[in-house]
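1. Let me see the structure of the following:
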Amino acid sequence: MKVLFLGSGTSTGVPVIGCNCEVCTSANPRNKRLRSSILVTSGSTSILVDSGPDLRAQALRYNLSAIDAVLYTHEHLDHVAGFDDLRAFCWDREEALPLFAGEQCLARLRAMYPWALMEKQSYRGYVRANCICHSGKPFRVGDIDVQPVPVIHAQVETYGYVFRNADQSSFGYVPDIKTLPADSAPLLRHLDALAMDGLCFPQHRTHLCVDETIALMRELQPRVGYITHSGHRLEYDSMESYLPDFMHSAYDGLELSL
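-> Next comes the predicted model:
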């Protein structure tokens, strides 16, 4: 199983429009962050997590031309606003593209994109989707088993996901989180790799700050941990020096082989 970080930034992306801070003006490519999204692959199966506003740029940058399903973490715009670009992944498909999400996110997608998600939408030029509400229950896409992980983030229903393939390689992805419910914690323990929200250093109302992420990673004990969904106050090299030995900063283009 492989995981490609298509984007590792927060809702503004990095650099931020109009900002002249050290990170936004950095020449280090690892300080350039598109909105958070990953591609999980195993065998012939490819799963996209979230379709943010940078999806077109990400697909072109990483030669992404086919996917088997899209998973949504939640309804915020930096995770869904590239929805229309999914039509490029529908043109060569006979069957509708599966979209897995919680009930609240699917309702928001139907409200935002009714032209694509109407019951009898069949025009090949548009997104042709099969909306599937997972209700927090595990499901399978190709040869990848997926376990939704309910987390608390702002006021919206939000999920992380754990991916496992036939050889039981395991990867957890939780890009937006403020609190991990007690019932969800066992789902994220002792994974091969875990990528989790780490927005900034000061406390934040709806996201984990870096020190909170470190503490939670120590509790969950993945073999290796990654901070993602990072803001423009987190300089890559400084973060690598700050994080404990088993943790790293994710960056756009990072590929993990599990």
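
2. Does Val49 touch Tyr173 like I think?
-> Yes: with contact defined as C-beta atoms under 8 Å, Val49 reaches Tyr173; the gap is 6.2 Å. C-beta coordinates here come from the backbone N, C-alpha and C atoms, glycine included.

3. got any residues that touch both of these two?
-> 38, 40, 161 (C-beta atoms under 8 Å, 6 or more residues apart in numbering).

4. so where does the first one fall, helix or strand?
-> Taking DSSP states H and E as the criterion, Ile38 maps to strand 37-42.

5. contacting residues around that strand?
-> By C-beta under 8 Å, 6+ apart, strand 37-42 touches 1-7, 46-52, 54-55, 58, 62, 64, 67, 79, 142-144, 163, 165-166, 169, 171, 173, 195.

6. what do you get for stretch 103-118?
-> By C-beta under 8 Å, 6+ apart, stretch 103-118 touches 72-75, 80, 83-84, 87, 99, 101, 121, 126-129, 131, 133, 135, 156-157.

7. now stretch 201-216
-> 10, 153-154, 176-178, 180, 196-200, 227, 229, 233-234, 239, 242-244, 247.

8. Can you flag the buried ones in the residues you listed?
-> Neighbour-count burial (16 or more other C-beta atoms under 10 Å) applied to these gives 10, 153, 176-178, 180, 196-200, 227, 229, 233-234, 239, 242-243, 247.

9. you'd agree Leu188 is up against Gly172?
-> Yes: under the criterion of C-beta under 8 Å, Leu188 makes contact with Gly172 at 5.0 Å.

10. which neighbours do the two share?
-> Taking C-beta under 8 Å, 6+ apart as the contact rule, Leu188 and Gly172 both touch 149, 160, 162, 194, 222.

11. between Val49 and Tyr173, who's got more neighbours?
-> The neighbour comparison of Val49 against Tyr173 (other C-beta atoms under 10 Å) goes to Tyr173, with 29 against 25.

12. distance of that one from Ser184?
-> Per C-beta to C-beta, to the nearest Å, Tyr173 is found 13 Å from Ser184.

13. Next: Ala101.
-> Counting by C-beta to C-beta, the gap from Ala101 to Ser184 is 17 Å.

14. what about those two, which has more around it?
-> Taking neighbours as other C-beta under 10 Å, Ala101 and Ser184 compare with Ala101 leading, 26 against 19.
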